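Novice: Here is my input; please provide its structure:
(chains A and B)
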Amino acid sequence: MTRLLVPLMLVVLAALTVYPIVGSGYGVRSVQQVFMWITLAGSWNLISGLTGYVSFGHVAFFGAGAYAGALLVASAGWPWPLAALAGGAAAVLLAVVIGYPCLRLKGPYFAIAMLGLNEVLRALVSYFEGITGGGNGLSLPTLDASVPIYYVMGVLALVVTGLSWLIVTSRFGLRLMTIREDELAAEAMGIDTFHHKLGAFLLSAAGPGVAGALMARDQGYIEPISVFPLAITVTMIVMALFGGKGTVFGPVIGAVVLFVAQEIVWARYPYVHPLLFGAIIVAVVLLMPRGVLGLLQQRYRMPRTI
Amino acid sequence: MNVVITPAMLAQVIVSGILAGSLYAMVALGLGLIFGVMRVINIAHGPLLMLGAYATYFLTTGAGLNPFLTVPIAMALLFVVGVALQRTLVFRVVDAPELSSLLLTFGISIALVNLAQLAFTSDLRAVEYITGAWVVGGLALSKPRVIAFLFAAGVTALSFVLLKSTRLGKAIRATSQSREVAMVCGVDVARIHMLTFGFASALAAAGGALLAMIVAIQPEMGGVWTFKSFLVIVLGGAGNYPGALVGGLLLGLVEQVASLFLTTQLSEVVAYVLLVLVLLVRPSGLLGGRQT
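Specialist: Numbers count the residues shown, from 1 in each chain, chains lettered A, B, ... in the order given. Modelled structure (predicted):
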């Protein structure tokens, strides 16, 4: 099973590399969306899946990156790849401001602080309309870069997944998981829990920031409702949980399966689909806490860590 | 900033702050009870408040009841909903890691909001009963706010009597201080968990029923209340039930004072900055240490 996995992954990567040459515009955009969801779900997993500190507001980093990137392109005339990196930096900066006070404490403080963060950013963006355009949104100069953005988003998804793998198989990752299992015990063993949590949190903010800036460039127009919706947070949480939180490939599986399901089946019932996401969260937490990957790992002999 | 603050403005702000704060205190007391007794932060607390608001709306417009009569009915209905949620779902994660209980109640909250959207649509609704304001000595007192204050003060006072002087209240406090010792003393902890969740949902419903006469009712109205209730608990000190009173009034006052300088658009930002500051400076709450 594991021996087949590596060649299989190489084939998938090769197919994805040549896909924009043969695929339709719709197809390219859909795959790019899958890359984005892999990035978001994988990033959420870095903080919440590994340390157990639930982030209910990860879309804040996506939105912060989108606004930072869009402003740099529209007002300062930066080239979009540079602006995308700056979007990631802006998200990390925001994570420092939030993580510093909230991650020093144990317990649910961090989760609730993240729950409120999104509303706060949305209110701020609307308030400073002189800079951000407020509710009218922000338009970027027209540019068709959907194929280059496809590749950059793909590399981003690959980087986030690769980073997860590096972390999960490292001592750093082991310490994060120790914090998740028992924070007091982790401290007693000499782990500097605050700085480990903060480190994981900053890493988890970077990906969504870059992804947000890329989406802003690709769509050419952003507004507070389109980049700060609770639905994006919900979707990335559902994907990571469904695939298997705390694993490397769980978020990837969750993103692919749920995106395909969303496009093919649920798109016909737009009102039922968010309700279904709530139900999936409840069901996964109660019935299969390790997600689809956890079930597969139980069934077949696969390493538990990935 | 060129804002001139007159004593009359200040008095107005203090009165409005107390009126708003009474609702915060009552709703937050529910969240605090669940946290104290079960160590679960109920993310669905705000959506339960939203259901309370809809209960009042439909009982008033559908059954033609007086809106104030609907408050106890909404509380009773949501008590049943709360007990049902606890019996079927929440009890499974009481001893699980925090990650599970947070995610479970988050899932419940998403499901409740979207169920409400399906059942009631996203249209804004309102219960118009008593409107306008009393003018007392230069202060304008919004009539629905004053009546909501009286209701909230009454419900909160009754809750404290229940907690302080009844056997059930003693059992609830004992469970939140130490579940094992309570069990040894013969307290049926599972039953206390169930009743506490129902009681807390009823407190949220009372908030929703009173808000229905003040603000517009829509499925997403509850979200911010989970956050603000938590903030109130942090301000008062987690596990310290009277702290919810102080925290609620404080949040009401801070928001109103801030509205002198900033637009109301930023009221959530003010609440958020307050939370981060308290967590940074005094995470055990302004009233001091945890009781449990």
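
Novice: Can you show me the helices along the stretch 1-150 of chain B?
Specialist: For the stretch 1-150 of chain B, the helices defined by DSSP state H, counting those that start in this stretch occupy B:7-38, B:45-61, B:67-88, B:98-120, B:143-165.

Novice: export those helices to a markdown table and tack on distance to A:Tyr19, mean pLDDT and mean neighbour count?
Specialist: For every residue, glycine as well, the C-beta is placed using N, CA and C. Below are those laid out as a markdown table (distance: least, CB to CB, whole Å; pLDDT from 0 to 100; neighbours: other CB atoms under 10 Å in any protein chain shown):
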| stretch | distance to A:Tyr19 | mean pLDDT | mean neighbour count |
| --- | --- | --- | --- |
| helix B:7-38 | 49 | 92 | 23 |
| helix B:45-61 | 42 | 96 | 26 |
| helix B:67-88 | 45 | 95 | 20 |
| helix B:98-120 | 33 | 93 | 22 |
| helix B:143-165 | 59 | 93 | 17 |
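
Novice: So which of those is nearest A:Leu13?
Specialist: helix B:98-120 (32.0 Å; CB to CB).

Novice: Show me what the closest one is packed against.
Specialist: Judged by 3 or more CB pairs under 8 Å, 6 or more residues apart in numbering or on different chains; DSSP states H and E, the packing partners of helix B:98-120 are helix A:230-243, helix A:272-287, helix B:45-61, helix B:223-236.

Novice: Now distance to B:Gln256 too, for those, in TSV please.
Specialist: As requested, those are exported to TSV (distance: least, CB to CB, whole Å):
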stretch	distance to B:Gln256
helix A:230-243	27
helix A:272-287	34
helix B:45-61	21
helix B:223-236	14
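
Novice: Ok, which of those comes nearest B:Val278?
Specialist: Counting by CB to CB, B:Val278 lies closest to helix B:223-236 out of these; the figure is 5.7 Å.

Novice: In terms of secondary structure, what does that closest one contact?
Specialist: Counting contacts by 3+ CB pairs under 8 Å, 6+ apart, helix B:223-236 packs against helix A:109-127, helix B:7-38, helix B:45-61, helix B:98-120, helix B:241-261, helix B:267-281.

Novice: Let me know the angle separating the last one from helix A:109-127.
Specialist: Same thing as helix B:267-281. If you take axes from the mean of the first three to the mean of the last three CA atoms, to 10 degrees, helix B:267-281 sits at 140 degrees to helix A:109-127.

Novice: and helix B:267-281, how far from the chain's centre?
Specialist: 18 Å (CA atoms, centre = their mean, to the nearest Å).

Novice: touching chain A at all, that helix?
Specialist: Yes - using CB under 8 Å from any CB of the partner chain, helix B:267-281 reaches chain A at B:Glu268, B:Val269, B:Ala271, B:Tyr272, B:Leu275, B:Val276, B:Leu277, B:Leu279, B:Leu280.

Novice: got a list of contacts for that helix?
Specialist: A:98, A:100-102, A:104-105, A:109, A:112-113, A:116-117, A:119-120, A:123-124, A:127, B:224, B:227-228, B:230-231, B:234-235, B:251, B:254-255, B:258-259, B:262, B:285-286 (CB atoms under 8 Å, 6 or more residues apart in numbering or on different chains).

Novice: How about it, which residues are buried there?
Specialist: Using 16 or more other CB atoms under 10 Å in any protein chain shown as the burial criterion, the residues of helix B:267-281 that qualify are B:Ser267, B:Glu268, B:Val269, B:Val270, B:Ala271, B:Tyr272, B:Leu274, B:Leu275, B:Val276, B:Val278, B:Leu279.

Novice: May I have that helix as PDB, with CA atoms only?
Specialist: What follows is helix B:267-281, C-alpha atoms only, in PDB (Å, rounded to 0.1, in the frame of the first residue of the first chain):
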ATOM      1  CA  SER B 267     -18.800  48.700  19.300                       C
ATOM      2  CA  GLU B 268     -17.600  45.200  18.600                       C
ATOM      3  CA  VAL B 269     -14.100  46.400  18.100                       C
ATOM      4  CA  VAL B 270     -14.200  48.000  21.600                       C
ATOM      5  CA  ALA B 271     -15.500  44.800  23.200                       C
ATOM      6  CA  TYR B 272     -12.700  42.900  21.400                       C
ATOM      7  CA  VAL B 273     -10.000  45.200  22.500                       C
ATOM      8  CA  LEU B 274     -11.300  45.000  26.000                       C
ATOM      9  CA  LEU B 275     -11.100  41.200  25.900                       C
ATOM     10  CA  VAL B 276      -7.500  41.200  24.600                       C
ATOM     11  CA  LEU B 277      -6.500  43.700  27.200                       C
ATOM     12  CA  VAL B 278      -8.000  41.800  30.100                       C
ATOM     13  CA  LEU B 279      -6.400  38.500  28.900                       C
ATOM     14  CA  LEU B 280      -3.100  40.300  28.700                       C
ATOM     15  CA  VAL B 281      -3.200  42.100  32.000                       C
END
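
Novice: Hmm, A:Gly154 is touching A:Phe35, no?
Specialist: Yes - if you go by CB atoms under 8 Å, A:Gly154 and A:Phe35 touch, sitting 5.0 Å apart.

Novice: So which of these two has more stuff around it?
Specialist: More neighbours surround A:Phe35 than the other of A:Gly154 and A:Phe35, with 25 against 22 (other CB atoms under 10 Å in any protein chain shown).

Novice: related to what we said a few turns ago, whichever of the contacts of helix B:267-281 end up buried, select them in ChimeraX.
Specialist: Here is the ChimeraX command that selects only those of these that count as buried (16+ other CB under 10 Å):
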select /A:98,101,102,104,105,109,112,113,116,117,119,120,123,124,127 /B:224,227,228,230,231,234,235,251,254,255,258,259,262,285
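
Novice: List the buried residues of the helix or strand harbouring A:Leu202.
Specialist: For A:Leu202, the host element (DSSP states H and E) is helix A:193-219. Residues of helix A:193-219 classed as buried: A:193-194, A:196-218 (neighbour count, 16+ other CB under 10 Å).

Novice: Also stretch B:179-191?
Specialist: Of the residues in stretch B:179-191, those with enough neighbours to count as buried (16+ other CB under 10 Å) are B:Arg179, B:Ala182, B:Val187, B:Val189.

Novice: thinking in terms of the whole chain, how far from its middle is that stretch?
Specialist: Distance, centroid of stretch B:179-191 to centroid of chain: 27 Å (CA atoms, centre = their mean).

Novice: quick one on the thing from earlier: can you redo the buried residues of helix B:267-281 as JSON lines with pLDDT?
Specialist: Below are the buried residues of helix B:267-281 laid out as JSON lines (pLDDT from 0 to 100):
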{"residue": "B:Ser267", "pLDDT": "79"}
{"residue": "B:Glu268", "pLDDT": "80"}
{"residue": "B:Val269", "pLDDT": "87"}
{"residue": "B:Val270", "pLDDT": "87"}
{"residue": "B:Ala271", "pLDDT": "86"}
{"residue": "B:Tyr272", "pLDDT": "88"}
{"residue": "B:Leu274", "pLDDT": "87"}
{"residue": "B:Leu275", "pLDDT": "87"}
{"residue": "B:Val276", "pLDDT": "87"}
{"residue": "B:Val278", "pLDDT": "86"}
{"residue": "B:Leu279", "pLDDT": "84"}
